[in-house]
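Trainee: Here's a sequence, model it:
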Amino acid sequence: MKVNSPLEVYKYLPGDNCGVCGEETCMAFASKLINRSAKLSSCTPLLKDEYKDKFDKLEKLLAPEIREVEIGTGDNVVKIGGDDVLYRHKLTFFNRTALAYDVWDTMPENELIERVDHIADFKKFYVGEFLTADMVAIRSVSDDPQKFASTVEKVMKATDLPLVLCSFNPEVLKAGAEIAAERKPLLYAATMENWQQMADIAVEYDLPIALFSPNDLDNLKSLAKTFSSMGMDNLVLDPGTYPTGKELSTTFNNIIKIRRAGIEGDRDIAYPIMAVPLTSWLVHKEKVTASYWETVIASVFTIKYGDIMILHSTEPYAMIPELQLGDTIYTDPRKPVTVDPGVYEVGSPTADSPLIITTNFALTYYTVESDLSSNGIDSYLVAVDTDGIGVEAAVAGGQLTASKIKQVLEESSFDLKEKTSHNTVILPGLAARLQGDVEDQLGSNVLIGSADSGRLPGWMDKYWPPEK
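Mentor: Just a heads-up that it's a prediction; the model follows:
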């Protein structure tokens, strides 16, 4: 039974408030363990032999409702599952949906390598980070073990991304596993027909494996129980992905049933879930239509419990929304996305360049930065620590103040009078009410910029440089 309160956790902790974990009290540490913002291993006294039983018990009690499964190794390992809730506002979703884009073993070698390179190199800058593909799924189309093994070997040489090896033929999958075992690929998939041979492969190479039972949850649960009884818990469940009509609705309901049962305590089915939006290509023959529906289905199951997906379309118009939605859904709703407070250079600013104030809410900061850089406005951009709140709300709530602006300039060792020729600060239009306070605190001139950073270029044409 999972623990749900700090008091329950506290019973297993040393209780001496030693502070080694970084918290002032054991109760504070217990609270962090409950919301998964601290690691149990941070309590080093609990690692002593005298506390071993308590440590082991607490580790089990704190384990997420949905088992966390790792695919791949080292820096490229992908973690899926590991959730505790059905709705992210209750806690958060922890491991972003892993997106695996496919290649297949009948591709000419040059096309294979070109596609792998495209998948591995694709990246999109979004709110302070680069979004990238997670995995490569290698499909056996030839049903030839040797051909599949050769393709796996070529893909491994071309990329370090984790792999999904796809075939219902145990001989084919074993040939691929022999080549890729050291990279800990996901095997796809065991069915009611091939489960014994697939289980032998998973055990021999100690690999995670997906279980596939299309539209039959009883059989899927039976498979999971069978594999678990054999000592295998690194399982992924695929209830089948039907891409159209009533069958798509059934897929949606099946995935919800699996996740709800797992969260509510059915350990037999509390595993990560796979969706395969690629199946839209089996129905829609026109490329853009198939890609569109694949993206729609991927979006649905990113929101509703798809922990890993296999996809086909690698065009930017498909990959960008898939990656961005996953990043959005799996951003922790308990805390805003922020950048570090400080003074940043946009372009190559000089002493004559403007100094512009904004907040450290990542979406605000990168919007302003993009509007400045894309218009060639060399400038100093000041991110004030507003606890990750946007300009208008931060002004209203008192998180954006003259003293906060002064503080970030001082901590960045940025002396306006020395670093600039104009000793002028540009406030966002939505922060106009701070003008007098900022002038008093900084002893500087203050201009009120546009309310929308997209209008900064026009504002600069009219009001910059300031009159002397």
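
Trainee: what stretches of this structure score poorly on pLDDT?
Mentor: Applying pLDDT under 70 to the chain picks out residues 1, 468.

Trainee: for the residue nearest in space to the middle of the chain, what are its contacts?
Mentor: Centroid-nearest residue in the chain, with CA atoms, centre = their mean: residue 96, separated by 3.8 Å. Taking CB atoms under 8 Å, 6 or more residues apart in numbering as the criterion, residue 96 is in contact with 326-327, 329-330. All C-beta spots, glycine's among them, are computed from the backbone N, C-alpha and C.

Trainee: A helix includes it, no?
Mentor: No - looking at residue 96 with DSSP: H, G, I helix; E, B strand; the rest coil, it is coil, so not inside a helix.

Trainee: Quick check: it vs residue 208, distance?
Mentor: 17 Å (CB to CB, to the nearest Å).

Trainee: Same check on residue 305?
Mentor: From residue 305 to residue 208 the distance is 18 Å (CB to CB).

Trainee: and what of residue 284?
Mentor: 31 Å.

Trainee: pretty sure residue 174 contacts residue 149?
Mentor: No - between residue 174 and residue 149 there is no contact under CB atoms under 8 Å: 9.2 Å.

Trainee: what do those two both touch?
Mentor: Shared contacts of residue 174 and residue 149 (CB under 8 Å, 6+ apart): none.

Trainee: neighbour count winner among residue 284 and residue 208?
Mentor: residue 208 (23 against 17; other CB atoms under 10 Å).

Trainee: Pull the contacting residues for residue 368.
Mentor: So residue 368 contacts 356, 358, 381, 453, 456 (CB under 8 Å, 6+ apart).

Trainee: Residue 405: which of the residues you listed is nearest?
Mentor: Nearest to residue 405 out of the contacts of residue 368 is residue 358 (CB to CB; 10.5 Å).

Trainee: by contact count, what packs against the one helix or strand the closest one maps to?
Mentor: Assigned by DSSP states H and E, residue 358 belongs to strand 355-359. Under the contact criterion of 3 or more CB pairs under 8 Å, 6 or more residues apart in numbering; DSSP states H and E, strand 355-359 touches helix 362-374, strand 379-384, helix 391-397, strand 424-427.

Trainee: mind checking how far that strand is from the chain centre?
Mentor: Distance, stretch centre to chain centre, for strand 355-359: 28 Å (CA atoms, centre = their mean, to the nearest Å).

Trainee: ok, residue 182 touching residue 74?
Mentor: No - contact criterion CB under 8 Å: residue 182 and residue 74 do not qualify, at 10.6 Å.

Trainee: Just want to check the distance between the nearest residue to residue 429 once chain neighbours are set aside and residue 462.
Mentor: Closest residue to residue 429 in three dimensions, ignoring its sequence neighbours and counting by CB to CB, 6 or more residues apart in numbering: residue 451, at 3.4 Å. Using CB to CB, residue 451 is found at 15 Å from residue 462.

Trainee: For the two, work out which one has more neighbours and name it.
Mentor: residue 451 (15 against 7).

Trainee: quick one: contacts for that one?
Mentor: 428-430.

Trainee: Most neighbours among those, which one?
Mentor: The residue in these with the most neighbours, by other CB under 10 Å, is residue 428 (26 neighbours).

Trainee: gap between that one and residue 289?
Mentor: Residue 428 is 44 Å from residue 289, by CB to CB.

Trainee: Residue 445 too?
Mentor: To residue 289, residue 445 is 58 Å away according to CB to CB.

Trainee: So between those two, which is more surrounded?
Mentor: Ranked by neighbour count (other CB under 10 Å), residue 445 and residue 289 place residue 445 first, with 16 against 13.

Trainee: Surely residue 177 and residue 165 touch.
Mentor: Yes - between residue 177 and residue 165 a contact is recorded at 6.5 Å, counting by CB under 8 Å.

Trainee: Between these two, which contacts overlap?
Mentor: 185, 187.

Trainee: I figured residue 146 hits residue 175, correct?
Mentor: Yes - applying CB under 8 Å as the test, residue 146 and residue 175 come out as touching, 6.7 Å apart.

Trainee: Could you check which of these two has the larger neighbour count?
Mentor: Using other CB under 10 Å, the more surrounded residue of residue 146 and residue 175 is residue 175, with 23 against 11.

Trainee: now the helices for the stretch 251-400 of the chain?
Mentor: With DSSP state H, counting those that start in this stretch as the criterion, the stretch 251-400 of the chain has helices at 280-283, 287-303, 316-329, 362-374, 391-397.

Trainee: Tell me which of these approaches residue 237 most closely.
Mentor: Across these, the minimum distance to residue 237, taken as CB to CB, is reached by helix 287-303, at 12.8 Å.

Trainee: and the closest one, which residues are buried?
Mentor: Going by neighbour count (16 or more other CB atoms under 10 Å), the buried part of helix 287-303 is 290-295, 297-302.

Trainee: Can you list the neighbours in contact with stretch 100-112?
Mentor: With CB under 8 Å, 6+ apart, stretch 100-112 has contacts from 115-116, 119, 133-142, 144, 147-148, 150-151, 154-155, 164, 166, 278, 308-312, 314, 319.

Trainee: No further queries at this time; thank you.
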